[in-house]
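Novice: Need a 3D model of the following:
(4 chains)
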Protein chains: 2
Amino acid sequence: MIDHSADRAVFRQLADLLRRQIESGELRPGEALPSELRLADDYNISRTTVRQAIGQLRTEGLVTVDRPRGTFVRVPEPVQIVTLARGDRVGARMPNDNERRKYRLRDGVPVLVVTAHDGTETVHPADRVQLTRP
Amino acid sequence: MIDHSADRAVFRQLADLLRRQIESGELRPGEALPSELRLADDYNISRTTVRQAIGQLRTEGLVTVDRPRGTFVRVPEPVQIVTLARGDRVGARMPNDNERRKYRLRDGVPVLVVTAHDGTETVHPADRVQLTRP
DNA sequence: GGTGATTTGTACGTATGTATA
DNA sequence: TTATACATACGTACAAATCAC
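Specialist: Here you go, the predicted structure:
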């Protein structure tokens, strides 16, 4: 399972392991991961190390934490379609703290930034918005 | 500077402080942040807490770490313009491990995902690509 | 070439706070 | 009320890579 003598850090090995379970469907959307203490116990590692692994998955947008209920596999949001206007430019970046609060963004969710021809910028949460070129 | 009795966590206060310095230009692109130990000393907090703050800025894509040289304000990459085709849909998400390696993506950089009308998906690093609707 | 100092990374431990069930 | 679970914050120790001398 976890190889302390391996080249890859222990917390990355645990993240890899959980990521595989999520991507394979062994852990399904909405399902809870084992608690931090449980994981620490199961794999004989410290809770700190478990938190590093979970933190990794959070930044990847794979899990969300509902404190203190637990940590859950992220459930896809309903997607709203937004139509691009002529001359629009589209980029993406991670939100800062204010934007995360404003749009109630979960960890690991980027924002789409649409820059209109006149320079006006519009920000969309990337988990709930898709843009279309008609 | 840092208020230990405040509602906002100390590491978030430090992240806010550094973020302001970056966004105001006081810390310029390519410039090094003070070392973790230096920050811990300056603000009388533990290195662990400093690392949480820096970690926050990394997930936001504001700083990059060149170990063990130091932590630097991220330098904008030259942007390539990609034109959208009729019927394309655009989304954004954080990259998985493979994509991070393939595109040599830094922390906190999302990918733009373009889905063509026939379902084909194309992935672009969001720090080096902007999409346009002609 | 080598040595030591610096800096970030990993991993452990402890303690306490806060919100939920 | 009690137990559970995540969040914050402190500490220690050592590893690995770079750099100045």
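
Novice: Mind checking if the lowest-mean-pLDDT helix or strand in chain A is in reach of DNA strand D?
Specialist: The least trusted helix or strand in chain A, going by mean pLDDT, DSSP states H and E, turns out to be helix A:97-102, with a mean of 89. No. Shown here: helix A:97-102 not in contact with DNA strand D (C-beta under 7 Å from any atom of the strand), separated by at least 10.8 Å. Backbone N, C-alpha and C define where each C-beta goes, glycine included.

Novice: After that helix, which helix or strand is next?
Specialist: Of the helices and strands lying after helix A:97-102 in sequence (DSSP states H and E), the nearest is strand A:111-115.

Novice: what are the pairing partners of that following strand, and which direction each?
Specialist: Strand pairing for strand A:111-115, determined by DSSP bridges: strand A:89-93 (antiparallel), strand A:121-125 (antiparallel).

Novice: got a list of contacts for the least confident helix or strand of chain A?
Specialist: A:105, A:111, A:123, B:12, B:15-16, B:19, B:56 (C-beta atoms under 8 Å, 6 or more residues apart in numbering or on different chains).

Novice: Report the buried members of these.
Specialist: Listed as buried from the contacts of helix A:97-102 are A:105, A:111, B:12, B:15-16, B:19, B:56; burial here means 16 or more other C-beta atoms under 10 Å in any protein chain shown.

Novice: quick one: pLDDT of the closest residue to residue A:125 other than its chain neighbours?
Specialist: Take residue A:125 and drop its neighbours on the chain: the residue closest to it by C-beta to C-beta, 6 or more residues apart in numbering or on different chains is residue A:103, 4.8 Å away. pLDDT, residue A:103: 94.

Novice: so who does residue A:103 touch?
Specialist: A:95, A:111, A:123, A:125 are the contacts of residue A:103 under C-beta under 8 Å, 6+ apart.

Novice: Just say helix, strand or coil for the residue in chain A sticking out farthest from the centre.
Specialist: Farthest-out residue of chain A from its mean C-alpha position, per C-alpha atoms, centre = their mean: residue A:118, at 32.4 Å. Under DSSP: H, G, I helix; E, B strand; the rest coil, residue A:118 falls in the coil class.

Novice: Compare the strands paired with strand A:111-115 and report which one is nearest to DNA strand D.
Specialist: The stretch from the strands paired with strand A:111-115 with the least distance to DNA strand D (C-beta to the nearest atom of the strand) is strand A:121-125; that distance is 19.6 Å.

Novice: who touches the closest one?
Specialist: Against strand A:121-125 from outside (C-beta under 8 Å, 6+ apart): A:82, A:95, A:99, A:103, A:105, A:109, A:111-116, A:131.

Novice: quick one: buried residues of it?
Specialist: Buried, per 16+ other C-beta under 10 Å, within strand A:121-125: A:124-125.

Novice: swap in stretch A:67-82?
Specialist: Buried-residue list, stretch A:67-82, by 16+ other C-beta under 10 Å: A:71-74.

Novice: so how far is that stretch from its chain's centroid?
Specialist: Between the centre of stretch A:67-82 and the centre of its chain there are 9 Å (C-alpha atoms, centre = their mean, to the nearest Å).

Novice: Just confirm yes or no for that stretch near DNA strand C.
Specialist: Yes. Contact of stretch A:67-82 with DNA strand C (C-beta under 7 Å from any atom of the strand) involves A:67-69.

Novice: nearest to residue B:37, of the residues you listed?
Specialist: residue A:67 (30.6 Å; C-beta to C-beta).

Novice: how near is residue A:88 to residue A:80?
Specialist: 17 Å (C-beta to C-beta, to the nearest Å).

Novice: Sorry, wrong one. I was asking about residue A:49.
Specialist: Applying C-beta to C-beta to residue A:49 and residue A:80 gives a distance of 39 Å.

Novice: cool, and residue A:73?
Specialist: 22 Å.
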